[in-house]
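Visitor: Model the following, please.
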Amino acid sequence: MKRFHVHVAVHDLEQSVRFYSALFAAEPTVKKDDYAKWQLDDPRVNFAISARAMKNGLDHLGIQAEDSAELEDLRARLAQADISISEQKGASCCYARSDKYWTIDPQGIAWESFHTLDSVPVYGEDRRTQPSTAKNVCCVTGSS
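Guide: Numbering: from 1, shown residues only. As a prediction, the model looks like this:
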């Protein structure tokens, strides 16, 4: 079963962790100095915040697949929409290694479809110095 993903860029991580922990009645499942993530079952969502973006607010939306078959199904759906898709295999981002597909919706919102493979000890390359495109939203990687 897939899980909805929301990533919000925040100004004050600790204040935001307190707020979202109260809202969700749960502590983050991942907590770093610059990042926190809640893997919730009610509602079924992967909700992440970070203090690394150039701009606060909605960073991107996404769908987290439970396996590679679900991820490929999501890629096929995106292909039917006749939009540009950027592939990242083995991307290290947000303290995780994942296979991903990125796209930008008609309103300019970045969408990430991904399957998490493992955790990693670093957030990823800091994108504050990089332009935001479908190819390098969230963490920047060398793969595409």
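Visitor: Can you give me the neighbour number for residue 43?
Guide: Applying other C-beta atoms under 10 Å, we find 9 residues neighbouring residue 43. Backbone N, C-alpha and C define where each C-beta goes, glycine included.
Visitor: So for stretch 94-113, what gets flagged as buried?
Guide: 94-104, 110-113 (16 or more other C-beta atoms under 10 Å).
Visitor: Centre of the chain to it, how far?
Guide: Computed by C-alpha atoms, centre = their mean, to the nearest Å, the separation of stretch 94-113 from the middle of its chain amounts to 6 Å.
Visitor: Check stretch 2-16 too.
Guide: For stretch 2-16 - counting by C-alpha atoms, centre = their mean - the centre lies 9 Å from the chain centre.
Visitor: Output that stretch in PDB, but only the C-alpha positions, please.
Guide: Taking C-alpha atoms only, stretch 2-16 is exported to PDB below (Å, rounded to 0.1, in the frame of the first residue of the first chain):
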ATOM      1  CA  LYS A   2       1.400   3.400  -1.000                       C
ATOM      2  CA  ARG A   3       1.800   6.200   1.500                       C
ATOM      3  CA  PHE A   4       1.300   9.900   0.700                       C
ATOM      4  CA  HIS A   5       4.400  12.100   1.200                       C
ATOM      5  CA  VAL A   6       4.600  15.800   2.200                       C
ATOM      6  CA  HIS A   7       7.800  17.700   2.700                       C
ATOM      7  CA  VAL A   8       7.600  21.200   4.300                       C
ATOM      8  CA  ALA A   9      10.600  23.600   4.600                       C
ATOM      9  CA  VAL A  10      10.500  25.300   8.000                       C
ATOM     10  CA  HIS A  11      12.200  28.300   9.600                       C
ATOM     11  CA  ASP A  12      12.600  26.800  13.100                       C
ATOM     12  CA  LEU A  13      12.900  23.000  13.200                       C
ATOM     13  CA  GLU A  14      12.500  22.500  17.000                       C
ATOM     14  CA  GLN A  15       9.400  24.700  17.100                       C
ATOM     15  CA  SER A  16       8.000  22.800  14.100                       C
END
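Visitor: Lovely, talk soon.
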